[in-house]
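Peer 1: 3D model of this:
(chains A, B, C, D, E and F)
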Protein chains: 4
Amino acid sequence: MKGLRDKTDQILKAAVTVFVKKGLQATTQEIAKEADVAEVTLYRKFATKQNLFITVIKHVLENQFNSHVMKLANEGNTEYFFKSIIENRLEVLSKNTPLVKMLISESLMGNLTEEIDLPNIIFTSLKHGLDHHFDEEDVNTELCARQLGGIFLSHIVLPNQHPFHTLDRMEKDKLVEKYAKSLKVLI
Amino acid sequence: MKGLRDKTDQILKAAVTVFVKKGLQATTQEIAKEADVAEVTLYRKFATKQNLFITVIKHVLENQFNSHVMKLANEGNTEYFFKSIIENRLEVLSKNTPLVKMLISESLMGNLTEEIDLPNIIFTSLKHGLDHHFDEEDVNTELCARQLGGIFLSHIVLPNQHPFHTLDRMEKDKLVEKYAKSLKVLI
Amino acid sequence: MKGLRDKTDQILKAAVTVFVKKGLQATTQEIAKEADVAEVTLYRKFATKQNLFITVIKHVLENQFNSHVMKLANEGNTEYFFKSIIENRLEVLSKNTPLVKMLISESLMGNLTEEIDLPNIIFTSLKHGLDHHFDEEDVNTELCARQLGGIFLSHIVLPNQHPFHTLDRMEKDKLVEKYAKSLKVLI
Amino acid sequence: MKGLRDKTDQILKAAVTVFVKKGLQATTQEIAKEADVAEVTLYRKFATKQNLFITVIKHVLENQFNSHVMKLANEGNTEYFFKSIIENRLEVLSKNTPLVKMLISESLMGNLTEEIDLPNIIFTSLKHGLDHHFDEEDVNTELCARQLGGIFLSHIVLPNQHPFHTLDRMEKDKLVEKYAKSLKVLI
DNA sequence: AATGAATGAGAATTCATTCAT
DNA sequence: AATGAATGAATTCTCATTCAT
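Peer 2: Down below sits the predicted model:
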């Protein structure tokens, strides 16, 4: 049962590792080496480096960043809704800092297509969630989404000695509550 | 009246343009072409691409980003202090979006030395300003600085149809006031 | 039947030619051209110019300079031993004058690692052979080896209208005999 | 009284230093730096690197290698004549090992014109001295000169832990005597 | 006489990608 | 399906030398 899927998986795994570390600058040589596969094999399977990159990133985004903003948006209680989103997203982003950093970096240089442009995806999904939650109400969801995004970015981009996911329960709760409160002020 | 300073300036100007567009990936060839100068001339004057980059960026940061956080920090009124910082930084960052994007991008990939690592610089200077302002008081300035940084980042990194510096007076005031209020909640 | 080993051999052959003519100064471009191969191909196969050089020289030294000093050292008769070494080494060195010149030249400039440093190799192997031959006896083998080396060098480095290998049988015998006799005086 | 001659001397001194260390590969930049002079100044004064090299080397050869072979050749006693030459040349060469190595190296690569081709000069002057000394006699001066040259070369080119000029009086005498005796065998 | 500025020509090396097997 | 071999196009950087002052 070896071969086929096997090598493809090897490549995908290796590609994540290497792309996360070096971004699009990563060379196919490095990836091939990490995957223990001939360089050409990448090309047989993915045609171009670009394509390999997109495939890999799509894969990861689907598996690890699948946001449930929409589900949470149904929650009636706004504060709870805010807290849920904040905690959930901070947790996920914080756990994937290297990948997130790389994606933001590439996004800023305009190297990403829409479907894998993480900042865009985050902002858009937040906006949609907020629009859904506040439905008829007159709330500036754009500003709100931006503020939420800013909170997330501040944890990734700015120096941070205590990544969110390493905090204990109480610290998390306290922080999330503060963020939620400061958000409500904007409404 | 030509010569001397001339070519150096040509190079510096061209280098900003090209580096802003492409980051460290920019080639010395491109820069030389943009500067209408032989490629070697860059090397005679700046020895390495890295060095040219650092020189150029330092220059720009000193001239265009010189923050007055410290001066503003002397302001007694906290709300006014917040509003001043927010408005001032948003204005500057917003006016230099392409450069800022590039610097954040390179910072995220770990390509910048401390002295030109913009996110670091911003966070640190905010922190110091806040420490100064709140002196004896028991305020979580780290959180505060992070939140401020997050606000700035949200305007640069997230999709933004209305850059801050293009807003009219009233829109700016409104926005800044909201941010300031939401900040005060964190104290 | 082409391909594979083919290009590698082409490169090796071309590299010898060019390196012999120009030493380490030879450019990979020249070598590639001489080998009728793309320049990159050298790098794919040998990674660096240095490495190509070392590989090539090791190869040649093994194939063409393999000294039998040790075997000859077993000979009981000292005069015969001397004559054998002298004739054999002069013959080989004389037949490879251009290569030998280049190697001595690079050696003198300190560009060679021990394993391909011909003067060193020659002196050391002579010394060992003499030590073996004279075993218990009290002979200044260092001086002896130096004198032998000097004889060889004098044929390579000094102007020489009649390279050893172009002499006829009788001339060779006479010359070798003289050298052997002069050597015995040193013992 | 500064200027003029001053700078020229600075350059010449620096050039020796650098050329001795690196041979013709030395760059004019290095030399200029060592001489604390602008690079162009070299060109003003010496037109090309080649020319600077030749000038410098001629200078040194005249001042430090001026052989007195001819004077010694008048000596009637052959053994004393031999010993004088050997001692004198070994002393001089040994004291200038780095320079001599460089010159032999460049000579071997065919980079020297006749007037500064040290191996050639040595061999020729030895030959002339011997021809003069042995005048009418039927001596193979070519062989003799070669053997002498070989002795000198063996001290420069082969590994040598005890350079001749560092030996004490007795060691020198012993060595020189041996060489002289072995030489006489060739006559 | 001396120099700061500038450069054309090359050098080693890397990279994404194609070809032949 | 997988790969070893090969490459054109770039990339950073160096060097001897000329120009203008």
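
Peer 1: just the residues contacting the worst-scoring helix or strand of chain A on mean pLDDT, thanks.
Peer 2: The least trusted helix or strand in chain A, going by mean pLDDT, DSSP states H and E, turns out to be helix A:69-73, with a mean of 85. For helix A:69-73, the external contacting residues (C-beta atoms under 8 Å, 6 or more residues apart in numbering or on different chains) are A:81, A:84-85, A:88, A:125-126, A:128-130, A:132-133. Backbone N, C-alpha and C define where each C-beta goes, glycine included.

Peer 1: now, which of those residues lie close to chain B?
Peer 2: By C-beta under 8 Å from any C-beta of the partner chain, no member of the contacts of helix A:69-73 lies near chain B.

Peer 1: buried ones among those?
Peer 2: Applying 16 or more other C-beta atoms under 10 Å in any protein chain shown to those, the neighbour count classes A:81, A:84-85, A:125-126, A:128-130, A:133 as buried.

Peer 1: flag the shaky bits of chain A, pLDDT-wise.
Peer 2: A:1-4 (pLDDT under 70).

Peer 1: who in chain A is up against chain B?
Peer 2: Counting by C-beta under 8 Å from any C-beta, chain A sits next to chain B at A:22-23, A:25, A:101-102, A:104-109, A:119-120, A:122-124, A:143, A:145-147, A:149-155, A:157-160, A:175, A:178, A:181-183, A:185-186.

Peer 1: rewinding a little: can you put the buried ones among the contacts of helix A:69-73 in TSV and add secondary structure?
Peer 2: Output for those, formatted as TSV (DSSP: H, G, I helix; E, B strand; the rest coil):
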residue	secondary structure
A:Phe81	helix
A:Ser84	helix
A:Ile85	helix
A:Ser125	helix
A:Leu126	helix
A:His128	helix
A:Gly129	helix
A:Leu130	helix
A:His133	helix
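
Peer 1: of all those, which comes closest to C:Met170?
Peer 2: Nearest to C:Met170 among the buried ones among the contacts of helix A:69-73: A:Ser125, at 97.8 Å, using C-beta to C-beta.

Peer 1: can you pull the phi/psi pair for the closest residue to DNA strand E within chain A?
Peer 2: DNA strand E sits closest to A:Thr27 of chain A, with a gap of 3.2 Å, by C-beta to the nearest atom of the strand. Dihedral pair for A:Thr27: phi -100, psi 150, per degrees, to the nearest 10.

Peer 1: which residues touch it?
Peer 2: A:Thr27 neighbours (C-beta under 8 Å, 6+ apart): none.

Peer 1: and A:Ser182, how many residues sit next to it?
Peer 2: 22 (other C-beta atoms under 10 Å in any protein chain shown).

Peer 1: for the helix or strand it falls within, which outside residues touch it?
Peer 2: Element membership of A:Ser182 [criterion: DSSP states H and E] is helix A:169-186. For helix A:169-186, the surrounding residues in contact (C-beta under 8 Å, 6+ apart) are A:78-79, A:82-83, A:86-87, A:90, A:140, A:143-144, A:147-148, A:151, A:164, A:167, B:143, B:147, B:178, B:181-183, B:185-186.

Peer 1: what about the strands in chain A?
Peer 2: Using DSSP state E, no strands are assigned anywhere in chain A.

Peer 1: what parts of it come near DNA strand F?
Peer 2: Selection of chain A residues close to DNA strand F by C-beta under 7 Å from any atom of the strand yields A:3-4, A:6-8, A:37-41, A:44-45.

Peer 1: tell me which parts of chain A are close to chain C?
Peer 2: Nowhere does chain A come near chain C, counting by C-beta under 8 Å from any C-beta.

Peer 1: break chain A into its domains for me.
Peer 2: Domain assignment for chain A by automatic domain parsing gives A:5-61, A:65-186.

Peer 1: closest to B:Gln64 out of those?
Peer 2: domain A:65-186 (18.4 Å).
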